[in-house]
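S.K.: Give me coordinates for this.
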Amino acid sequence: MDTLYDWNDLTKIGVVLTSLGVVFTCLGVMLFLDSALLTLGNLLFIVGVSLVMGPQRAKAFFFAKNRLRASACFFIGVLLVLVGWCFIGLLIQGFGTLNLFGNFFPMVIRLLEGLPVIGRVLKLGMVQRVLHRLNLGGQSRNV
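M.R.: The predicted structure is shown next:
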């Protein structure tokens with residue numbers, strides 16, 4: 001299994017850019033749909049995911065036949081945010097994101113459970129019940 005030390009430099013940079021993209025997008029939403037932050041977040045996220053996966057695998061991921069509609073929603077949402085229609089763009093982009101990356105959420109939750117502060121919150125009984133109902137995994141104990 002790969003560890004952080006086995007990753008190459010482009011993958012590490014991609015993880016940082018993807019994380020920054022998520023942070024800027026969240027800031028843009030919290031600051032009442034600030035188009036500059038949302039645009040920056042979208043661009044950092046797309047570049048970061050492409051660096052993590054590699055150009056060929058990213059192309060194969062986004063343009064696979066079974067993901068074509070979700071990819072179209074995602075990229076149309078990004079374009080709508082770029083032209084200033086932030087609310088509609090975020091709704092369409094969110095739909096595409098859930099359909100594209102929905103299978104990765106349990107893995108992300110599992111990763112977040114290992115972090116010091118966030119992990120404690122995610123291990124609370126009430127949060128575990130919500131994660132279990134959403135089929136996002138969480139700890140494998142009876143909830």
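
S.K.: So Leu78 versus Arg133, what's the distance?
M.R.: Check again: residue 78 is Val, not Leu. 30 Å (CB to CB, to the nearest Å). No exception for glycine: its C-beta is placed from N, CA and C like everyone else's.

S.K.: Comparing those two, which shows the higher neighbour count?
M.R.: Residue environment comparison for Val78 versus Arg133 gives the larger neighbour count to Val78, 21 against 9, counting by other CB atoms under 10 Å.

S.K.: and the gap between the more buried one and Leu68?
M.R.: Taking CB to CB as the measure, Val78 falls 16 Å from Leu68.

S.K.: now Thr39
M.R.: On the measure of CB to CB, Thr39 and Leu68 end up 24 Å apart.

S.K.: which of those two has more neighbours?
M.R.: Higher neighbour count among Thr39 and Leu68: Thr39, with 20 against 11, using other CB under 10 Å.

S.K.: Helices of this structure, residue ranges please.
M.R.: Secondary structure of the chain, counting by DSSP state H: helices at 9-30, 35-53, 55-62, 68-83, 86-101, 105-112, 116-122, 125-133.
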